[in-house]
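Visitor: Give the three-dimensional model of this entry:
(chains A, B and C)
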Amino acid sequence: MRHTINLFLMLVIFWLLNSGHNSALMLSLGAASIALVLYIAHRMDVVDHESQPVHLSLKLPGYFVWLLKNLVHANIAVVKHIWLGNGSISPTLTTVKASQKTNVGKVIYANSITITPGTVTVDLVDDRIIVHALLRKNIQALKTGEMDRRVSRLEN
Amino acid sequence: MEIVIEITSALCLLIGSFLCVSGGVGILRFPDFYTRIHAVGVTDTLGASMILVGLMLQSQESLVVAKLLLILLMTLFINPTATHALAKAAFHNGLMPLLSKRSATDKEP
Amino acid sequence: MLIAATLAILVVMILAIIRGVIGPTLYDRILAVNMFGTKTVLLISLLGFVMERPQFLDIAIVYALINFISVIGVLRYSDSFAFKQSTHEKESEEP
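Guide: Sure, this is the predicted structure:
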């Protein structure tokens, strides 16, 4: 039920932002399309804690701020190596261990690795993540496990 | 006050443009597919964010700011998924990455 | 500044097109097309501000979604025979 209400609120906000009209006709059309989307989503059986992670919503903003800071540093490093040329990069492929218990936590960790420039998640098998990195330094930073710990703290 | 916002917005647009051009150079310059993904990552995260933040500072209506924020969130959520799908497809079909044991430039003629 | 940023995005789009045309493997081409699409979203938003028509932002949102779905749609067929064959052809061509 919680997840349905969350999805409903998201859809209401999305409709109001994108239409910008407040006439009765537009609002009733919006209500009709929201009802249709909710019906289809329930039929597809996708409304659960994975698609609507409401239990994370209090902790996520703090993590996003930390991720943004990380993102800026990674961007500067990659741009520096783009202009320095091919001689300065050291592409590496390794596996990193993910210590999260739930699937949602693992996906958050893998996507955080991918969104940081310089590291890309190639595959996720059980609790091992295959990572391709532009620099060997990036892998070492990943293996110290700060991001891993922060995502783990997120999920419980 | 307005001049400060104007200058900040111009600065954001300038940084964003520089990051995007860097990514464009990177996609031409890097030696193999997996390294090119990293160059695209730069333009998709900070490059796009900086340009959209610059536009947000210039807009007057709040609805426009909300829409720009929506585009920014979509870019940030969608692109890692597409990138990961691409890398996984390439890896599973047997495209091996060029690793640093060989010298990174010997593939280029 | 807006026009300079628009020109920069256009330059990036040209670079992405070049990679898409010469890109040795299929995946390079898909990557270039994906990048071209995200840059198109930025270009549409910037043009909306240059021409003072904020309605362009709606088109940018739709374009971002279509771009994502098209990339995922192409990759849906990545376990097909033609994809695998193209990867190995390129490998055997390497010196």
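Visitor: measure the most centrally placed residue in chain B to residue B:33 for me?
Guide: Computing the C-alpha centroid of chain B and ranking residues by Cα atoms, centre = their mean puts residue B:43 first, at 1.7 Å. Distance of residue B:43 to residue B:33, computed by Cβ to Cβ, to the nearest Å: 16 Å. Every residue, glycine included, has its C-beta placed from N, CA and C.
Visitor: number of nearby residues for the nearest residue to residue B:98 once chain neighbours are set aside?
Guide: Distances taken as Cβ to Cβ, 6 or more residues apart in numbering or on different chains place residue B:32 nearest to residue B:98, at 4.1 Å, with adjacent residues excluded. Each residue near residue B:32 was counted by other Cβ atoms under 10 Å in any protein chain shown, and the total is 18.
Visitor: same thing with residue B:73?
Guide: Using other Cβ under 10 Å, residue B:73 has 11 other residues around it.
Visitor: tell me which residues of the helix ranked longest in chain A are tucked away?
Guide: If you go by DSSP state H, chain A has its longest helix at helix A:60-84. Residues A:63, A:67, A:70-71, A:74-75, A:77-79, A:81-82 are the ones in helix A:60-84 that count as buried (16 or more other Cβ atoms under 10 Å in any protein chain shown).
Visitor: Now tell me what touches that helix from outside.
Guide: Residues outside helix A:60-84 that contact it (Cβ atoms under 8 Å, 6 or more residues apart in numbering or on different chains): A:88-89, A:112, A:115-119, A:134-135, A:137-138, A:147, A:150-151, A:154, B:19, B:22-23, B:25-26, B:29-30, B:38-39, B:41-42, B:45-46.
Visitor: Stretch C:44-61 now?
Guide: A:18, B:51-52, B:55, B:58-59, B:61, B:63-64, B:67-68, B:70-71, B:74, C:2-3, C:5-6, C:9, C:41, C:63.
Visitor: make it 7 Å
Guide: A:18, B:52, B:55, B:58, B:61, B:64, B:67-68, B:70-71, B:74, C:2-3, C:5-6, C:9, C:41, C:63 (Cβ atoms under 7 Å, 6 or more residues apart in numbering or on different chains).
Visitor: Then stretch A:21-28?
Guide: residue A:19.
Visitor: quick one: residue C:45 and chain A, what's the gap?
Guide: Applying Cβ to the nearest Cβ, to the nearest Å, the value for residue C:45 to chain A is 15 Å.
Visitor: ok, the residue nearest to the centre of chain B - contacts?
Guide: So residue B:43 contacts B:19-20, B:23, C:12, C:35 (Cβ under 7 Å, 6+ apart).
Visitor: Export the residues you listed to TSV and append columns for pLDDT, neighbour count and secondary structure.
Guide: Listed next are those as TSV, based on pLDDT from 0 to 100; neighbours: other Cβ atoms under 10 Å in any protein chain shown; DSSP: H, G, I helix; E, B strand; the rest coil:
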residue	pLDDT	neighbour count	secondary structure
B:19	91	27	helix
B:20	91	29	helix
B:23	89	31	helix
C:12	92	27	helix
C:35	91	30	helix
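Visitor: thinking again about what came up before, also within reach of chain C: list those from the contacts of helix A:60-84.
Guide: B:23, B:25 (Cβ under 7 Å from any Cβ of the partner chain).
Visitor: May I ask which helix or strand encompasses the residue nearest to residue A:109 when sequence neighbours are not counted?
Guide: What sits nearest to residue A:109 in space, not counting adjacent residues and going by Cβ to Cβ, 6+ apart, is residue A:151, at 4.5 Å. Using DSSP states H and E, residue A:151 sits within helix A:146-155.
Visitor: For that helix, which residues meet the burial criterion?
Guide: A:147-148, A:150-152, A:154-155.
Visitor: my read: residue B:28 touches residue C:20, true?
Guide: No: using Cβ atoms under 7 Å, residue B:28 makes no contact with residue C:20, being 10.9 Å away.
Visitor: From residue B:19, how far off is the residue of chain C found nearest chain A?
Guide: In chain C, the residue that lies nearest chain A is residue C:58 (6.7 Å; Cβ to the nearest Cβ). In this structure, residue C:58 and residue B:19 are 26 Å apart, going by Cβ to Cβ.
Visitor: Please work out how many residues are found near the closest residue to residue B:35 other than its chain neighbours.
Guide: In space, and not counting its chain neighbours, residue B:35 is closest to residue A:91: 5.5 Å by Cβ to Cβ, 6+ apart. Residues near residue A:91, counting by other Cβ under 10 Å, number 23.
Visitor: what does residue A:23 give?
Guide: 9.
Visitor: Would you list the phi and psi of it?
Guide: Dihedral angles of residue A:23 (phi, psi; degrees, to the nearest 10) stand at phi -70, psi 160.
Visitor: what's the spacing between it and chain B?
Guide: Applying Cβ to the nearest Cβ to residue A:23 and chain B gives a distance of 16 Å.
Visitor: measure that residue to residue A:48 for me?
Guide: From residue A:23 to residue A:48 the distance is 35 Å (Cβ to Cβ).
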